[in-house]
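Asks: with the sequence up front, the predicted model follows.
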Amino acid sequence: MKTINRTFSTAPMMDWSDRHCRYFWRQLTRDSLLYTEMVTTGALIHGDRERFLAYHDAEHPIALQLGGSNPDELAQCAKFAEEWHYDEVNLNVGCPSDRVQNNMIGACLMAHPQLVADCVKAMQDATSLDVTVKHRIGIDDQDSYEEMRDFVGTVADTGCKTFIVHARKAILSGLSPKENREIPPLRYEDVFRLKREFPGLEIIINGGITTHDQIAELLTQVDGVMLGREAYHNPSILMEADQRYFSSDAPITGKGDAIRSLYPYIETLLAEGAPLHYVSRHTLGLFNGERGSRLYRRHLSENAYKRESGTEVMEQALAYVGY
């Protein structure tokens with residue numbers, strides 16, 4: 001089985017980390033592990049499977065994140081992940097939205113560690129892929145370190161070795177998903193302690209991470225770092241990842257070259273009838289802080305959705321930032 005290096009990865013983010021975003025990120029980092037948006041078991045079993053599972057070969061290494069709580073359904077979807085040649089399959093035990101709570105998906109599962117263990121075991125039995133878990137440090141008033149430790153211990157008894165910990169608790173009633181990413185305080189020390197008490201597990205930390213200096217400090221305490229909103233809003237941070245964490249060269253060193261490398265991909269999408277903004281919207285933060293970046297964003301926002309827009313619109317936007 002392929003060994004996955006999880007030193008640096010990007011987070012699963014609904015409506016953001018879609019296949020077009022991931023293809024763009026691959027122009028910036030060759031080796032970082034990329035996670036899909038969460039896909040529910042129902043969507044895969046009863047919906048358009050190709051729509052949810054299709055990706056470009058360039059996206060490897062890539063992990064599929066699943067949402068669900070039925071062991072048999074999760075096992076079936078883990079098989080799909082292997083059939084579609086994903087590199088890892090991950091169970092979401094961290095999403096706090098009302099919609100997924102009502103279907104017993106996401107963070108609410110932290111209150112049911114044995115069920116999560118049953119789900120993970122069923123997935124492991126169905127696939128040779130690594131089965132990993134992404135979770136919070138707690139939920140509502142079940143937020144002590146000891147409760148998280150016991151949750152991880154129960155799931156680890158299945159043989160699960162990798163836990164990605166969003167270092168905030170989730171408040172399941174009263175806060176929106178956006179507020180749950182910002183309001184509950186970060187508790188990195190709880191994640192560090194988890195690694196100390198489970199030295200044989202791979203512990204990845206997520207939440208509030210914005211700089212490479214911060215990442216370097218975190219990596220003295222845990223095995224890996226997962227970057228979420230910062231990777232999306234400031235994607236240039238990914239351009240240093242390969243050299244810093246994988247001792248390899250970045251695929252492209254210039255921001256303008258990164259955008260232009262998307263053109264063949266964009267042309268293929270346009271030929272299929274997709275609008276330019278499917279790709280361009282994910283690039284809006286690449287030039288943050290540079291002269292003309294606001295004009296770059298505005299030009300794309302005003303024009304990329306038009307059916308007649310093509311790569312010439314990207315070139316016009318690049319001119320605003322001097323590339």
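Replies: On my side now, so go ahead.
Asks: so which residues of this structure form strands?
Replies: Using DSSP state E, the strands of the chain run over 8-10, 33-40, 62-67, 88-93, 130-136, 162-166, 202-206, 224-227.
Asks: my guess is residue 156 contacts residue 198, does it?
Replies: Yes - contact between residue 156 and residue 198 holds when scored by Cβ atoms under 8 Å: they sit 6.8 Å apart. For the C-beta atoms, the positions are set from N, CA and C on the backbone; glycine is no exception.
Asks: now the strands of the chain in JSON lines, with mean pLDDT?
Replies: Listed next are those as JSON lines, based on pLDDT from 0 to 100:
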{"stretch": "strand 8-10", "mean pLDDT": "98"}
{"stretch": "strand 33-40", "mean pLDDT": "97"}
{"stretch": "strand 62-67", "mean pLDDT": "98"}
{"stretch": "strand 88-93", "mean pLDDT": "98"}
{"stretch": "strand 130-136", "mean pLDDT": "98"}
{"stretch": "strand 162-166", "mean pLDDT": "98"}
{"stretch": "strand 202-206", "mean pLDDT": "98"}
{"stretch": "strand 224-227", "mean pLDDT": "98"}
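Asks: let's have those in a markdown table, adding distance to residue 192 and mean neighbour count.
Replies: Output for the strands of the chain, formatted as a markdown table (distance: least, Cβ to Cβ, whole Å; neighbours: other Cβ atoms under 10 Å):
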| stretch | distance to residue 192 | mean neighbour count |
| --- | --- | --- |
| strand 8-10 | 18 | 25 |
| strand 33-40 | 21 | 23 |
| strand 62-67 | 24 | 25 |
| strand 88-93 | 20 | 25 |
| strand 130-136 | 16 | 25 |
| strand 162-166 | 10 | 25 |
| strand 202-206 | 8 | 23 |
| strand 224-227 | 13 | 22 |
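Asks: mind putting those into CSV with distance to residue 264?
Replies: CSV is the format used below for the strands of the chain (distance: least, Cβ to Cβ, whole Å):
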stretch, distance to residue 264
strand 8-10, 23
strand 33-40, 20
strand 62-67, 20
strand 88-93, 28
strand 130-136, 32
strand 162-166, 33
strand 202-206, 33
strand 224-227, 27
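Asks: for residue 193, which residues are in contact?
Replies: residue 145 (Cβ atoms under 8 Å, 6 or more residues apart in numbering).
Asks: next one: residue 272
Replies: So residue 272 contacts nothing (Cβ under 8 Å, 6+ apart).
Asks: starting at the chain centroid, how far to stretch 81-90?
Replies: 15 Å (Cα atoms, centre = their mean, to the nearest Å).
Asks: ends of that stretch, how far apart?
Replies: 10 Å (Cα to Cα, to the nearest Å).
Asks: report the buried residues of that stretch.
Replies: 81, 86, 87, 88, 89, 90 (16 or more other Cβ atoms under 10 Å).
Asks: with adjacent residues omitted, what lies nearest to the second one?
Replies: Spatial nearest neighbour of residue 86, excluding adjacent residues (Cβ to Cβ, 6 or more residues apart in numbering): residue 64 at 4.5 Å.
Asks: ok, that neighbour touching residue 53?
Replies: Yes - with contact defined as Cβ under 8 Å, residue 64 reaches residue 53; the gap is 7.3 Å.
Asks: now do the shared contacts for the two.
Replies: Counting by Cβ under 8 Å, 6+ apart, the residues touching both residue 64 and residue 53 are 39, 81, 84.
Asks: how many residues are close by the nearest residue to the last one once chain neighbours are set aside?
Replies: With Cβ to Cβ, 6+ apart as the measure, residue 53 is the residue that lies nearest to residue 84, at 4.7 Å, once sequence neighbours are left out. Around residue 53 there are 20 other residues, counting by other Cβ atoms under 10 Å.
Asks: spit out the contact partners of residue 53.
Replies: 39, 44, 64, 80, 81, 84.
Asks: distance check, the first one against residue 263.
Replies: In this structure, residue 39 and residue 263 are 29 Å apart, going by Cβ to Cβ, to the nearest Å.
Asks: before we move on, what about the fourth one?
Replies: According to Cβ to Cβ, residue 80 stands 32 Å off from residue 263.
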